[in-house]
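> Pasting the sequence and the predicted coordinates here, then a few questions.
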Amino acid sequence: MTSHVARAEQHSPEPCIPEVETLGIPKAAWERAIQLIDQVDEVALACHVSPDGDALGSMLAVGYVLRSIGKRVVASFGDEYFVVPRILRFLPGQEMLCPPADYPEAPALMITFDSSTFERLGLLSPNAARAEEVIVIDHHPSNAGFGTHSLIDPHAAATAMLAEQLIYRLGGSLDRDIATCLYTGLVTDTGSFRYSSTTSAVHRMASRLLFTGLHTEEIARELWDRSPFGYLKVLARALDRVQLEGSLVWTYVPRVDRAAYGLPYTEVEGMIDIVRRTDEAEIAVVLKEDDHGDWQVSTRSKGAVDVAAVCAALGGGGHHNAAGFTSYDSVEETMAKFRRELGKAGWPRAV
Ligand SMILES: [Mn+2]
C-alpha cells in the first residue's frame, strides 16, 4: 500500500494534461464523429468477438465518457457464448455490457472498436447492417472502413489511442476507471511496451494514464501473471508436441486437453507468447481448437514475414508481426495450407 501512497504523492503536483493529437485521422473526420454522437440520445457500442484487452478496454472507456455527457449507452460483443474472458474481468464498467440478444436491433448510432471487418462483429453484424450510422474506430491496416464513418489509423499502436482522443474531443477527461480500461488496451496491444509499435506517443499516453493513480502492477498481474493450475498441464502437453521446422515453430492445443482440466478456451489464447520466444524460429504458430471444434490459429513473425498477408490469404487478418485465422480443416491440412501460403510469400528465403 505504501507504494500507492508514494505514487499518489509523487503524481499530485502535476496535472494530467490532455494531449490532443489527430493521429492519422483528418481533423474533419473527428469533428464529424462528434457531430454524429451529438445527434443521438443512445449510443450502441460493439467490439470484436472474443474481445481482447484493446477491444473491450477501448469500448468501456468511451462508454464511461458517453454516459458522463448524458448519453444512454449499451455495449456488447457478438459471441454466442457471451462471457468476458477471465483475464479481463477486472475491468471496470462491465455493468454497461449486455448480451447480443438484448442489443438494439437497429441502433441510430453504433460505434465499433478494434474490429477490422464487419464479420468480426459476429452476432452483432446484422445490427450494424441495420444501424443508421456506424463509426468504425480501429487500427488494423486491413480495415477498409465497413461503417458509414471511419476513425482508422493503422499506425496507432492500439485502438485505445484513438479512444483516448475521442474522449478528449467529447469533452471527457480521464479518471482511474477510464484509465484502467485504456491502459489495458495499450499495454496488451504493445506487448507491455515491447513491440515495435511502441512509439514515444505510446509512452506519453501511458504517462497521462498513470497520473490518474493507476495500479499498473495489479493490471499486469491480472493480465499475465495468473492462471488456473490446469493451464500448466495443458501447456505442458502443447510444449511436448511443439515442432521446429526450419524457421517455423508450431504446436497445437486440442479441446480434449482443455476438457481434461476444465480449462476454458480463453485461457490458452496467449500460449503463442511462450512458443514465439524460440530463437531458431522466425515464425511461430499455435493452433487452438475452440469449443465448436474449429481451429483458431495464432501466428507471429519476428519481422521478416508479413503474417497478416499470409493469414489474409487464409481468411484471417491482423498486423505484420501478429495475425490469425480460423481453420475448419484438420491440424495437418491447416499447417499444409499455411506452409503453402508462406511459400507464396517467398518464405523460407534463401540467405
Ligand atoms: Mn487492437
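Perfect, thanks for sending it.

> Going along the chain, name the helices of this structure.
In order along the chain, the chain carries the following helices (DSSP state H): 2-11, 27-38, 53-68, 125-130, 159-169, 176-189, 200-210, 216-224, 229-240, 255-260, 272-275, 307-313, 331-344.

> Let me have those in a markdown table, adding mean pLDDT, distance to residue 80 and mean neighbour count as columns.
C-betas here are computed from N, CA, C, even on glycine. A markdown table is the format used below for these (pLDDT from 0 to 100; distance: least, C-beta to C-beta, whole Å; neighbours: other C-beta atoms under 10 Å):
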| stretch | mean pLDDT | distance to residue 80 | mean neighbour count |
| --- | --- | --- | --- |
| helix 2-11 | 48 | 40 | 11 |
| helix 27-38 | 97 | 29 | 14 |
| helix 53-68 | 98 | 17 | 26 |
| helix 125-130 | 98 | 13 | 17 |
| helix 159-169 | 97 | 23 | 26 |
| helix 176-189 | 98 | 24 | 25 |
| helix 200-210 | 96 | 33 | 17 |
| helix 216-224 | 96 | 25 | 15 |
| helix 229-240 | 98 | 23 | 15 |
| helix 255-260 | 98 | 16 | 16 |
| helix 272-275 | 96 | 24 | 18 |
| helix 307-313 | 96 | 23 | 21 |
| helix 331-344 | 96 | 22 | 16 |
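
> Among those helices, which comes closest to the ion?
Closest to the ion of the helices of the chain is helix 53-68 (C-beta to the ion; 3.4 Å).

> any idea how far residue 270 lies from the ion?
Residue 270 is 15 Å from the ion, where distance means C-beta to the ion, to the nearest Å.

> Correction: the previous question concerned residue 43.
Shown here: residue 43 relative to the ion, a distance of 20 Å by C-beta to the ion.

> wait, that residue sits on residue 37?
Yes: contact status for residue 43 versus residue 37: in contact at 6.4 Å, counting by C-beta atoms under 8 Å.

> anything in contact with each of the two?
With C-beta atoms under 8 Å, 6 or more residues apart in numbering applied, the overlap between the contact sets of residue 43 and residue 37 consists of 66, 71, 109.

> which of the residues you listed come close to the ion?
The overlap between the shared contacts of residue 43 and residue 37 and the neighbours of the ion (C-beta under 5 Å from the ion) is empty.

> can I assume residue 157 is in contact with residue 195?
Yes: between residue 157 and residue 195 a contact is recorded at 7.5 Å, counting by C-beta under 8 Å.

> Have a look at those two and say which one is more surrounded.
A direct count of neighbours by other C-beta atoms under 10 Å for residue 157 and residue 195 places residue 157 higher, at 24 against 14.

> Now for the nearest residue to the more buried one once chain neighbours are set aside: which residues touch it?
Counting by C-beta to C-beta, 6 or more residues apart in numbering, residue 157 lies nearest to residue 197, which is 3.8 Å off, once chain neighbours are set aside. Shown in contact with residue 197 (C-beta under 8 Å, 6+ apart): 157, 158, 189, 190, 319.

> still on that earlier bit, can I get the helices of the chain in a markdown table with distance to residue 114?
Supplementary listing: these in a markdown table, determined by distance: least, C-beta to C-beta, whole Å:
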| stretch | distance to residue 114 |
| --- | --- |
| helix 2-11 | 29 |
| helix 27-38 | 16 |
| helix 53-68 | 4 |
| helix 125-130 | 14 |
| helix 159-169 | 4 |
| helix 176-189 | 8 |
| helix 200-210 | 16 |
| helix 216-224 | 16 |
| helix 229-240 | 25 |
| helix 255-260 | 25 |
| helix 272-275 | 18 |
| helix 307-313 | 15 |
| helix 331-344 | 24 |
